[in-house]
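Q: next comes the sequence, and after it the predicted model I'd like to discuss.
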Amino acid sequence: MADIGSWLKTEWFSLIQTAGVIGGLIFTGLTVRQEARARETQNLLAFAERHRLLWGEVGYRPELHRLIAKDADLVAKPITPAEEATLKVVLVHFELGWRLAKSMDRSDLDPLAKDIREFFSRPLPRAAWQTDKGCHNREFVRFVSRAIEPRGRY
């Protein structure tokens, strides 16, 4: 027991320094984790706002109503430039949602896969995807391809 007392008398400053360094590292780790959660929340809110604006535009502009029509005839009336531009934005939006879910380590991508399956069941989005999928991340293209399949598992 006397050995501990004499050691503390000579090494008390080193002990306090070490405790301070360890405490600082723990505090830094907690702060980084809290900031990551705050950033994740900001990203989700920004994505939700973009989602609202995008689909609001589709709903308010009559020239875009065919994008969600289940019976759009591409032979009688091919995709217009406005529809094509909006579809490109929607495809990028889907990919951003997928990237956001992956970066947040969300293992449940079922809701996104369901949205993709429903959206790409329509003629215009399906046609746009066939021409535009080469411009997207290969892993995302694989995810979409599997999601579109009737009993697909991504």
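A: Arrived safely. Numbering: from 1, shown residues only.

Q: contacts, neighbours, all on C-alpha from now
A: Noted.

Q: and the helix or strand that contains residue 92, what other elements does it pack with?
A: Residue 92 is located in helix 81-103, with elements delineated by DSSP states H and E. Applying 3 or more CA pairs under 8 Å, 6 or more residues apart in numbering; DSSP states H and E, one finds that helix 81-103 makes contact with helix 2-60, helix 110-119, helix 123-132.

Q: measure how the second one sits relative to helix 123-132, angle-wise.
A: Angular relation of helix 110-119 and helix 123-132 on a 0 to 180 degree scale: 100 degrees, by axes from the mean of the first three to the mean of the last three CA atoms, to 10 degrees.

Q: what residues of helix 110-119 count as buried?
A: Neighbour counts over helix 110-119 (16 or more other CA atoms under 10 Å) mark 112-113, 116-117, 119 as buried.

Q: nearest to residue 143, of the helices and strands packed on helix 81-103?
A: Within these, the stretch nearest residue 143 is helix 110-119; the backing value is 8.0 Å (CA to CA).

Q: let's see the closest one as PDB, backbone CA atoms only.
A: The C-alpha trace of helix 110-119 is given here as PDB (Å, rounded to 0.1, in the frame of the first residue of the first chain):
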ATOM      1  CA  ASP A 110     -38.000  -1.300 -48.500                       C
ATOM      2  CA  PRO A 111     -40.000   2.000 -48.600                       C
ATOM      3  CA  LEU A 112     -37.600   3.400 -51.300                       C
ATOM      4  CA  ALA A 113     -37.800   0.200 -53.300                       C
ATOM      5  CA  LYS A 114     -41.600   0.300 -53.100                       C
ATOM      6  CA  ASP A 115     -41.600   3.900 -54.400                       C
ATOM      7  CA  ILE A 116     -39.300   3.000 -57.200                       C
ATOM      8  CA  ARG A 117     -41.300  -0.100 -58.100                       C
ATOM      9  CA  GLU A 118     -44.500   2.000 -58.200                       C
ATOM     10  CA  PHE A 119     -43.000   4.900 -60.100                       C
END
